[in-house]
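Enquirer: Return a 3D structure for these sequence lines:
(chains A, B and C)
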Amino acid sequence: MPELPEVQTTVNGLNKKVLNRAFIDVWSDWKKIVKKPKDFEQFKKEIKNLKIKKVWRRAKNIVFDLQAEPALSGVEGYSLLIHQKMTGHLLVGKWVRQPEKENIRWLPADKKSPLNDPYNRFLHLIFFLDDKNMLALSDARKFAKVELWKTEELKKELEKIGPEPLDKKFGLIKFKEVLKNKKGKVKQVIMDQSIIAGIGNIYASEALWVAKVHPEKNVANLSEKELRLLYFAIRRVLELSVKLGGESFSDYRKPDGSKGGFDTERKVYKRENQKCHRCEVKIKRIKVGQRSAFFCPSCQKI
DNA sequence: AATCGTTCCTGATAGC
DNA sequence: TGCTATCAGGAACGAT
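Expert: This is a model prediction of the structure:
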C-alpha cells in the first residue's frame, strides 16, 4: 500500500526514466480512473504532446509538471496528479497487447524483466511515451485516481495538506505545534493528511512501535517525552524506508517492477501473533477507527 | 465545525 | 477439491 516512502520511491524512479518525454497516446480499460477531466477523450486530447518536465511528491500524491512543446507563451502549465491509493503502482517499460484473455490484457515484452511479478498484471491505464516506453498504472482494486490540473490551481489545492514530515523545516517544535489542540487517538491523528502528510496504516503502526506509544492513546495525553520519541520515530521509519525503496509485502512495486527493501525492517504491521522484536511478547491487532492497528501490548502501554 | 459511516473495488483468504 | 462469503483499506463524500 503506497505511503510516503513508496510514493517517493516511485517519484525517484520516474525522474530517472521519463523526464523530457512527451505523451503520445493513452489507453484505458477503466476510463473512470481519470477523474479530471471526467471525459476520457477530453483528457487524452489535453495531455497529448505535453512533455514531462519534473516529477515530484506531495503527501501520497505523485505530480508530473507538464509543458507544451514548443513552449507557448501565455499558455498555462499543466500538472498530472496520480494518487495510487491502495493497490496502484506506476511502472515504466514495454508491454505487448494480449488478445482478450481473462482479465490480463498486456504482458511484459521482456519475459525476464521484473515486470513479470504477479502484482504487476493489473494494467488499467497506459501512457505511450515518445521514446517507445510506456508508463502504466497497475491497480488491482481500481481505487487509484488520475487528474489533469492547471499547475497553479493544483498548487493551491495541495496547500490544504499538512506539512511534510521529512522536510528539513519540519522540526520537533513544528511537530508539537501541529498536534497541539488535536483530539482523538494518536494513530488516527498522525494518519490524517490535513495534519501531517504521507503517513498511512503501515508507517503509523511502525512509528508508534518505535516510539513505544500505544496507538489508542489520546494525542492530548502524550507526554513531552512521548512527543519527542514519536517525532524521531516517524522521521526514522520514513527515512529508512525511502532509503530501502519502500515496502513490497503486498502490491507495491518500484517503477521497474522490482520490490522495495523495507520488508525485513517491518516490526509490527501484519505481524499479529508473532513475537515483538524487543520483548518477545506477541504482537496484537486491534481496530482503531475502522482500521487495523498492530502493536506490542507490552512495549506500548496507554 | 467536527466526527462518523458509507462508498468505491476485487484478489486473497478463510470457512465449509 | 471447489465453491462462497468475508475482508482489506485511502480518502471523498454525505449524514448527523
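
Enquirer: Would you mind naming what in the stretch 101-250 of chain A lies close to DNA strand C?
Expert: By CB under 7 Å from any atom of the strand, the residues of the stretch 101-250 of chain A that approach DNA strand C are A:141, A:143, A:191, A:193, A:200-202. In this view, the C-beta of every residue, glycine as well, is placed from N, C-alpha and C.

Enquirer: The residues you listed in helices, which ones?
Expert: Judged by DSSP state H, the subset of these located in helices is A:201-202.

Enquirer: Which of the residues of the stretch 101-250 of chain A next to DNA strand C are buried? Put it as a ChimeraX command.
Expert: Selecting only the buried entries of these in ChimeraX, with 16 or more other CB atoms under 10 Å as the criterion:
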select /A:191,193,200,201,202
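
Enquirer: Now flag whichever of the residues of the stretch 101-250 of chain A next to DNA strand C is closest to A:Val96.
Expert: When those are ranked by distance to A:Val96 (CB to CB), A:Arg141 comes first, at 24.5 Å.

Enquirer: and the nearest residue to that closest one once chain neighbours are set aside, how many neighbours?
Expert: Once flanking residues are discounted, A:Arg141 sits nearest to A:Thr87: 4.6 Å by CB to CB, 6 or more residues apart in numbering. Close neighbours of A:Thr87, defined as other CB atoms under 10 Å, add up to 19.

Enquirer: Over to A:Lys16?
Expert: A:Lys16 is flanked by 11 other residues according to other CB under 10 Å.

Enquirer: Relative to A:Asn61, how far out is it?
Expert: 20 Å (CB to CB, to the nearest Å).

Enquirer: sorry, back to before: near DNA strand B, from the residues of the stretch 101-250 of chain A next to DNA strand C?
Expert: A:141, A:143.

Enquirer: Name the nearest of the residues of the stretch 101-250 of chain A next to DNA strand C relative to DNA strand B.
Expert: Using CB to the nearest atom of the strand, the shortest approach to DNA strand B within these belongs to A:Arg141, at 3.9 Å.

Enquirer: show me what contacts that closest one?
Expert: By CB atoms under 8 Å, 6 or more residues apart in numbering, the contact list for A:Arg141 reads A:85-87.

Enquirer: Now do the same for it: its pLDDT.
Expert: On the pLDDT scale, A:Arg141 is placed at 94.

Enquirer: Also A:Ala71?
Expert: For A:Ala71, the predicted pLDDT is 67.

Enquirer: Perfect, that will be all.
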